[in-house]
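Participant: turn this into a model:
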Amino acid sequence: MLNILLTVSVAAISALLAWYSARRMKRRPRVRQAIDHEVLLKPDLALTHAGLELLVNGERTDDLSITRLAIWNAGAGDSIRANDLLPDDQLRVVFAEGAQPFQVRVQRCSRPQIHFRAELDQETVPIKFSFLDGGDGALVEILHSGPKPEVQGTVIGADMEPAKLARLSDGDLSWTEERGFVRRFGARLRASGLHGRRLLVLVIPFLAIILLSLIVLVDNLTTDSESALVDPAAYDLDEAEGQHAFARAVGIPRSESPMVYALVSSTMFVIFFGFTYMLVGRRLVPYSILRYRPG
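Facilitator: The predicted structure follows:
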């Protein structure tokens, strides 16, 4: 059992180290985006037929949506600079034909030094910044008509990843207000939807391995490790049956160090925590782009 646990632990640690090294060696920047589209008013709503009118910038509209866009440099290597934005195909938010953006604001960003900007320009919203290091980015809120928009453009030397759906309202991002890593991680775990039965499915296998390691550890500490003297002449060691009988009489050796079992338990806990954190990170935007609220 010990050999199996050690093999699994070493294999898991090796896989994590290989994955981390590969990520660090891949220095090409990656522009990652997450989008949250919410319809506030549309022509076929009952309230619209009941005579509800909404004025935006002094104009009547019966079609209104809010889109929250998070965009950031998810690479761990090179930075993205302003001159990496191709002038002929600038980074921008594009709306469907007939749709119109009304208002836009940068709701949050990683830090003021990146000078992240998003402004209305006729029927698009250009995105500009001075630079984006790894983990730098912003959350942009756009009030518009029509369906969900999309981000287009070319960033020289960077990979543009397609947008993923996320929940980016103030209520969904309330976990960012928590102080301390543990409390913030717990709130982030709840916000990600990875809790209850879903989390239990992940917890049970890891807890079972940790519990088994602890049982073996306690048994190793509480059992007398001295082996009884057995006369090998009393057993026919030339036959398999005799060898098995001799092995049973000698007993299982307990020369393993208790620290090995403690190491296995600790390793499994670290793997579980890292795996859970990775899943939560994939479900939500990074905390780094939500730290600063522009005035």
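Participant: from here on, contacts and neighbour counts on C-alpha atoms
Facilitator: Fine.
Participant: where in this protein is pLDDT low?
Facilitator: 1-13, 16-17, 19-27, 44-53, 175-207, 209-210, 212-214, 216-228, 251-284 (pLDDT under 70).
Participant: swap the cut-off to 80 and go again
Facilitator: 1-28, 42-62, 75-77, 170-233, 237, 242-244, 246-284, 295 (pLDDT under 80).
Participant: now do the strands in it.
Facilitator: Per DSSP state E, the chain carries strands over the ranges 30-41, 54-56, 59-61, 64-73, 80-81, 92-94, 101-109, 117-118, 124-128, 131-132, 137-144, 150-152, 159-160, 164-165.
Participant: which residues touch the residue nearest to residue 246 when sequence neighbours are not counted?
Facilitator: The shortest distance from residue 246 to any non-neighbouring residue, by C-alpha to C-alpha, 6 or more residues apart in numbering, is to residue 235 (6.4 Å). Counting by C-alpha atoms under 8 Å, 6 or more residues apart in numbering, residue 235 touches 242, 243, 245, 246.
Participant: what's the spacing between the second one and residue 124?
Facilitator: In this case it means residue 243. 81 Å (C-alpha to C-alpha, to the nearest Å).
Participant: so which of those two has more stuff around it?
Facilitator: residue 124 (19 against 15; other C-alpha atoms under 10 Å).
Participant: from residue 152, how far off is that one?
Facilitator: Distance from residue 124 to residue 152, by C-alpha to C-alpha: 10 Å.
Participant: list residues touching both of these two?
Facilitator: With C-alpha under 8 Å, 6+ apart as the test, residue 124 and residue 152 both reach 92, 93, 94.
Participant: now the second one. Nearest residue, chain neighbours left out?
Facilitator: Which is residue 93. Residue 93 sits nearest to residue 151 (C-alpha to C-alpha, 6+ apart), 4.5 Å away.
Participant: the one you found - how many residues pack around it?
Facilitator: Residue 151 has 20 nearby residues by other C-alpha under 10 Å.
Participant: what of residue 95?
Facilitator: 20.
Participant: residue contacts, residue 64?
Facilitator: Going by C-alpha under 8 Å, 6+ apart, the list of residues near residue 64 reads 39, 40, 41, 42, 143, 144, 145, 146.
Participant: 6 Å - rerun?
Facilitator: 40, 41, 144, 145 (C-alpha atoms under 6 Å, 6 or more residues apart in numbering).
Participant: who wins for most neighbours among those residues?
Facilitator: residue 145 (25 neighbours).
Participant: quick check: residue 164 touching residue 34?
Facilitator: Yes - at 4.7 Å, residue 164 and residue 34 qualify as touching, with contact defined as C-alpha atoms under 6 Å.
Participant: in PyMOL, select just the buried ones from the shared contacts of residue 124 and residue 152.
Facilitator: Buried members of those, defined by 16 or more other C-alpha atoms under 10 Å, are picked up in PyMOL with:
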select buried, resi 92+93+94
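Participant: and the shared contacts of residue 124 and residue 152, which is closest to residue 79?
Facilitator: residue 92 (19.0 Å; C-alpha to C-alpha).
Participant: please name the nearest non-neighbouring residue to that closest one.
Facilitator: Using C-alpha to C-alpha, 6+ apart, the closest residue to residue 92 is residue 126 (4.1 Å).
Participant: repeat for residue 132
Facilitator: residue 80 (5.0 Å).
Participant: state the distance from that neighbour to residue 164.
Facilitator: Residue 80 is 21 Å from residue 164, by C-alpha to C-alpha.
Participant: what about those two, which has more around it?
Facilitator: residue 80 (26 against 15).
Participant: pretty sure that one sits against residue 131.
Facilitator: Yes - contact criterion C-alpha under 6 Å: residue 80 and residue 131 qualify, at 5.4 Å.
Participant: next, count neighbours for the residue nearest to residue 139 when sequence neighbours are not counted.
Facilitator: Leaving out its chain neighbours, the residue that sits closest to residue 139 by C-alpha to C-alpha, 6+ apart is residue 70, at 4.3 Å. Burial measure for residue 70: 27 neighbouring residues, criterion other C-alpha under 10 Å.
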